[in-house]
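# predicted coordinates and the sequence they were generated for:
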Amino acid sequence: MNKDILEGKWKQMRGEAKAWWGKLTDDDLDRAAGKYEVLAGIIQEKYGYTREQAADEIDKRVTAFEDGLKNKTEPTVVK
């Protein structure tokens, strides 16, 4: 579930979140602290989204982030 992923990997995702949503300040990200509902509310406020749009945006970004982690491969060691 994306809510659990967001909370569990917030420290890793925080920098990405700032890039994804440029209107969010460091204070906004500190306030969100990986809490899905709080982040949705902040995005809703800053971007004028509906609650559903904000939740969809978070879900899309978290899913893409997770997929990116899964698709990273270990570097090949050349002997």
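Nice, I can see it. Numbers count the residues shown, from 1 in each chain.
# residues in contact with stretch 39-58?
For stretch 39-58, the external contacting residues (C-beta atoms under 8 Å, 6 or more residues apart in numbering) are 2, 6, 17, 21, 23, 24, 28, 31, 32, 36. Any C-beta I mention is one placed from the backbone N, CA and C, and that applies to glycine too.
# what segments of this structure are helices?
2-8, 10-20, 26-32, 36-47, 51-71 (DSSP state H).
# tabulate those helices (TSV), appending mean pLDDT and mean neighbour count.
TSV is the format used below for those (pLDDT from 0 to 100; neighbours: other C-beta atoms under 10 Å):
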stretch	mean pLDDT	mean neighbour count
helix 2-8	85	16
helix 10-20	91	14
helix 26-32	96	14
helix 36-47	97	18
helix 51-71	91	15
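# quick one: residue 32 and residue 14, what's the gap?
Relative to residue 14, residue 32 is positioned 9 Å away (C-beta to C-beta, to the nearest Å).
# wait, I meant residue 39
From residue 39 to residue 14 the distance is 11 Å (C-beta to C-beta).
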